[in-house]
Every structure is written in C-alpha cells, then in structure tokens.
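1. predicted model follows, preceded by the sequence.
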Amino acid sequence: MQTKEEVRSSLRQRSKQFAPSSFILEDRASVDALLRSPSYENCATLFAFSPLPSEVDISLVLEDALSHKRLALPRCQGDSLKFLFVSAGWNERVRLSKLGVREPIGGDIAIPDSQSLILVPAMAYTTTGERLGRGKGYYDRYLEEFPTIPTVGICRSYQLLDSLPTEDWDVQVGEVLCNGVIYQT
C-alpha cells in the first residue's frame, strides 16, 4: 500500500488534470443531497469549512446555514483548530492560513453539541469513513474531542478511494458524501 504522502501527491497531480468547471454538476449533486439529508436538516449548528479549489464547492450550503442555522468555520491556532461563529458577510472578514484556507478573523468560539453537524474536508475518503487529510492532524485532534457529534465527509469522485493508509490516531467520519450519494459508515 502507498504511504499517505504518496497518496496525497497522486491526488494533487490528479486534481491538476481537471478544469474547475469539471465539477459543477458533481458538486451540485452533493450539495443538494446534503441539504436534503436528515443529518443537515436536523442540525441547529453547522460546523463547516471554506473550501479550497480542490474541494467540493459548498458555498450554497454555507448560505443556507447562514439563513436557517448557526454557522461556524474553522481557524487554526497553533496546532489546534477552533471554530468561530460567523454571520452574513463573513467572507469579507477573513485571513488566509498557511495552507491557503480562508479563515474567519473574528467571532465567538463555537463548541459542538448534540444538535451540531461537522462537515469534514479531506484530500480523500473511503466509503467506510476513512479519511486522508492534509497531514497536519487538525481535524483528527478536533474530532477526537467530540466523538459523539455527527460528521459528514464530502469529496469528489476522484477523491473516493477503495482504501487509504491509516494510523491509530486517524478519526473516521460517520457519513461520506460523494457525487450526491451518502455512504453510512
């Protein structure tokens, strides 16, 4: 089996083969499925992320959450991840992280509870909930603190793999969403 870094490198190369417009329909199918899912419909607070170009465009989900729920987005602080509540116009009050992620500048710290849903970005997933992040462990450490909170990983079809190299500390997600299909793990 390939190492994590070999898989990441392969995925970076594969992502360069596609024009951003290649994923419009696939991303929309995933967004529509998420908005109709019980996990999303039943949550009061959505812990989401500001997607990178290689990730599913969840802009419509963020807009819906701003209108109908509370929305929290992540910010890296040292080796930890904190989620901050955001409001309309949040994307005008952001900074770029070292990884190029748009992070909120201000906002109250959000702590997930039983009515929360955490959307988890990754470079790759399996249908059984294994994930390959970017290698810093931010989400693994964060999710480990909240093991009972529902989680959904969202990816594009080229990022859904049969298997991934994993370690004991890698935290799986409860559902994986790809091209409009939700896999219960």
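-> Now that the structure is in, tell me what you want to look at.
2. distance of the closest residue to S163 other than its chain neighbours from S59?
-> Nearest non-adjacent residue to S163, counting by CB to CB, 6 or more residues apart in numbering: T126, 6.2 Å away. The way it works is simple: take the backbone N, C-alpha and C, and place the C-beta from them, glycine included. Distance of T126 to S59, computed by CB to CB, to the nearest Å: 26 Å.
3. re earlier: could you measure the residue nearest to S163 against L46, distance?
-> 24 Å.
4. with V120 instead?
-> Remark: distance between V120 and L46 (CB to CB) = 12 Å.
5. what's the helix or strand of the chain with the lowest mean pLDDT in contact with?
-> Confidence across the helices and strands of the chain bottoms out at strand 94-96, with a mean of 74, counting by mean pLDDT, DSSP states H and E. Residues outside strand 94-96 that contact it (CB atoms under 8 Å, 6 or more residues apart in numbering) are S50, R102, E103, P104, I105.
6. then stretch 2-18?
-> S54, M123, A124, L132, R134, G135, Y158, Q159, L161, L164, P165.
7. quick check: pLDDT value at N91.
-> With respect to pLDDT, N91 scores 69.
8. rewinding a little: now do the least confident helix or strand of the chain: distance to the chain's middle.
-> Taking CA atoms, centre = their mean, to the nearest Å, one finds the center of strand 94-96 at 17 Å from the center of the full chain.
9. name the SS class of the residue nearest to P20 when sequence neighbours are not counted, please.
-> In space, and not counting its chain neighbours, P20 is closest to P53: 6.2 Å by CB to CB, 6+ apart. Secondary structure state of P53, per DSSP: H, G, I helix; E, B strand; the rest coil, is coil.
10. how many residues are close by Y183?
-> 18 (other CB atoms under 10 Å).
11. actually F83, not the one I typed
-> 24.
12. in which helix or strand would I find it?
-> strand 80-86 (DSSP states H and E).
13. pull out the buried residues from that strand.
-> L81, K82, F83, L84, F85, V86 (16 or more other CB atoms under 10 Å).
14. go on, stretch 26-43?
-> Under the neighbour-count criterion of 16+ other CB under 10 Å, stretch 26-43 has E26, D27, A29, S30, V31, A33, L34, S37, S39, Y40, C43 buried.
15. ok now it, how far from the chain's centre?
-> In terms of CA atoms, centre = their mean, the centre of stretch 26-43 is set 13 Å apart from its chain centre.
16. averaged pLDDT, that stretch. What do you get?
-> Averaging pLDDT along stretch 26-43 gives 98.
17. cool, stretch 153-167 as well?
-> Here the average pLDDT along stretch 153-167 is 97.
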